[in-house]
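In: Could you look at this predicted model? Sequence included:
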Amino acid sequence: MLANSWRTFNQTTIMSARAIPLVDLSRFTQGTPDERQAFVAALGKAFHEIGFVGVINHGVPKQLIDDFYAAAKAFFALPEAVKRHYEILGLAGQRGYTSFGKEHAKQSKVADLKEFFQIGQEVSDDQALHHEYPPNVHVAEIQKFTQLGIDLYKAFEYAGAALLRAIAIHLHLEEHYFDDKIHNGNSILRAIHYPPITQEPASAIRAEQHEDINLITLLVGASAGGLQLLNMDDEWVDIMPGEDEIVINVGDMLQRLTNDYLKSTTHRVVNPPREEWHLPRLSIPFFLHPKSNMDLSCLPQCISEDQPLAYKPITAGAYLDERLREIGLKK
């Protein structure tokens, strides 16, 4: 039983010169049985103890990342009136542009210092789901922007599926347990722009401390520092990914599914030193969600006398709806 065995892990946070461990995804996707087993153990340990891990050889093309960054930078440089043309009312920020000051952490009433653009699932083989998801928003002024985002979305989706297969093995599930649940899932690619800070913020930072809603998040290196996680000693630790590294973290859905065995770690994006206020920050996270009908009831192997059931049954769709209201995107 996982819930009985999780105390056997070394509870000391893995810290060295890096804030988070580093794993090589090719050891799982192309490795020997021993390499695959070692990857599963390392990923499971990191997700259990820290909730974050860095991944190299993830298969997401660097040129695609660079091209989308450039297109996103061009979009956010557009005049405010033009950007607001792509803010679609009634979509709770799930497609298109969300203007500055709309989103806040669930425990905060002060908006984060950011604006963003979101790209969602493109369904080609399920007519019912095709009608469930709103269409993506295409930007006339930067015609390649949305298509580059869709291409990057698919690349992240592919890498995320491989990571979830490793997690399924770690959880003593069938390797492909998550495959049908995330195929045509409600995932989101978000381009986040933190504009230059022009005046003393009113009790706000670029992104207040929070946990992600989804199964896992894949984040490519931001254009500036500021990402921090809260470790087991209640200390804020800087996350500084290396070149061509993707940072992966557990979201609340996966924590809920595993009855808190895997850790959805609190993180934030802090403001830079005052002398760097004039510098903007661009970040590209991919929030990997399942389809809305996925049952998030805690896995039986994660429940025991020592680790009793912590959550009531809920579907992924109902949970997402609940959380979008908490962070102010849905009324």
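Out: Perfect, thanks for sending it.
In: what secondary structure does the most centrally placed residue in the chain sit in?
Out: Geometric centre of the chain, nearest residue: T217, 2.2 Å, by C-alpha atoms, centre = their mean. Secondary structure, DSSP: H, G, I helix; E, B strand; the rest coil: T217 is strand.
In: so what's V23 bridging to?
Out: Taking DSSP bridges, one obtains V55 as the residues bridged to V23.
In: what about the longest helix seen in the chain, distance to the chain center?
Out: When the chain is scanned for its longest helix (criterion: DSSP state H), the result is helix 144-170. Put simply, helix 144-170 sits 11 Å off its chain's centre (C-alpha atoms, centre = their mean, to the nearest Å).
In: Also stretch 78-86?
Out: Relative to the mean C-alpha coordinate of its chain, stretch 78-86 is positioned 26 Å out (C-alpha atoms, centre = their mean).
In: Repeat that for stretch 277-290.
Out: Computed by C-alpha atoms, centre = their mean, the chain-centroid distance of stretch 277-290 equals 9 Å.
In: Please, where are all the helices along this structure?
Out: Ranges of helices in the chain, per DSSP H, are 2-5, 26-29, 33-49, 62-76, 80-84, 127-132, 144-170, 179-182, 252-257, 316-326.
In: Need those helices in CSV (columns: mean pLDDT).
Out: Shown next, in CSV, are these (pLDDT from 0 to 100):
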stretch, mean pLDDT
helix 2-5, 45
helix 26-29, 97
helix 33-49, 97
helix 62-76, 96
helix 80-84, 95
helix 127-132, 85
helix 144-170, 97
helix 179-182, 97
helix 252-257, 97
helix 316-326, 90
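In: Check the ones you listed for me and report the most buried one.
Out: Burial of these is given as mean neighbour count (mean count of other C-beta atoms under 10 Å); helix 252-257 ranks first at a mean of 23. C-betas here are computed from N, CA, C, even on glycine.
In: Mind giving me the packing neighbours of that one?
Out: Applying 3 or more C-beta pairs under 8 Å, 6 or more residues apart in numbering; DSSP states H and E, one finds that helix 252-257 makes contact with helix 316-326.
In: Export the helix it packs on to PDB, keeping only CA atoms.
Out: The C-alpha coordinates for helix 316-326 follow below in PDB (Å, rounded to 0.1, in the frame of the first residue of the first chain):
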ATOM      1  CA  ALA A 316     -12.300  16.900 -12.900                       C
ATOM      2  CA  GLY A 317     -14.900  19.200 -14.600                       C
ATOM      3  CA  ALA A 318     -16.700  20.000 -11.400                       C
ATOM      4  CA  TYR A 319     -13.400  20.600  -9.600                       C
ATOM      5  CA  LEU A 320     -12.100  22.900 -12.300                       C
ATOM      6  CA  ASP A 321     -15.400  24.900 -12.200                       C
ATOM      7  CA  GLU A 322     -15.000  25.300  -8.500                       C
ATOM      8  CA  ARG A 323     -11.400  26.500  -8.700                       C
ATOM      9  CA  LEU A 324     -12.000  29.000 -11.500                       C
ATOM     10  CA  ARG A 325     -14.600  30.700  -9.300                       C
ATOM     11  CA  GLU A 326     -12.200  30.800  -6.400                       C
END
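In: now that helix, how far from the centre of its chain.
Out: Distance of helix 316-326 from its chain centroid, counting by C-alpha atoms, centre = their mean, is 15 Å.
In: Now do that helix: which elements does it pack against?
Out: helix 252-257.
In: if we can go back for a sec, can you state the direction angle for the longest helix of the chain and helix 62-76?
Out: Per axes from the mean of the first three to the mean of the last three C-alpha atoms, to 10 degrees, the angle that helix 144-170 makes with helix 62-76 is 130 degrees.
In: quick one, helix 144-170 and helix 33-49 angle?
Out: Taking the same axes, to 10 degrees, helix 144-170 and helix 33-49 form an angle of 100 degrees between their directions.
In: The residue nearest to the centre of the chain contacts N249, doesn't it?
Out: Yes - applying C-beta atoms under 8 Å, one finds T217 in contact with N249, separated by 5.1 Å.
In: Which pLDDT value goes with Q301?
Out: We have a pLDDT of 95 for Q301.
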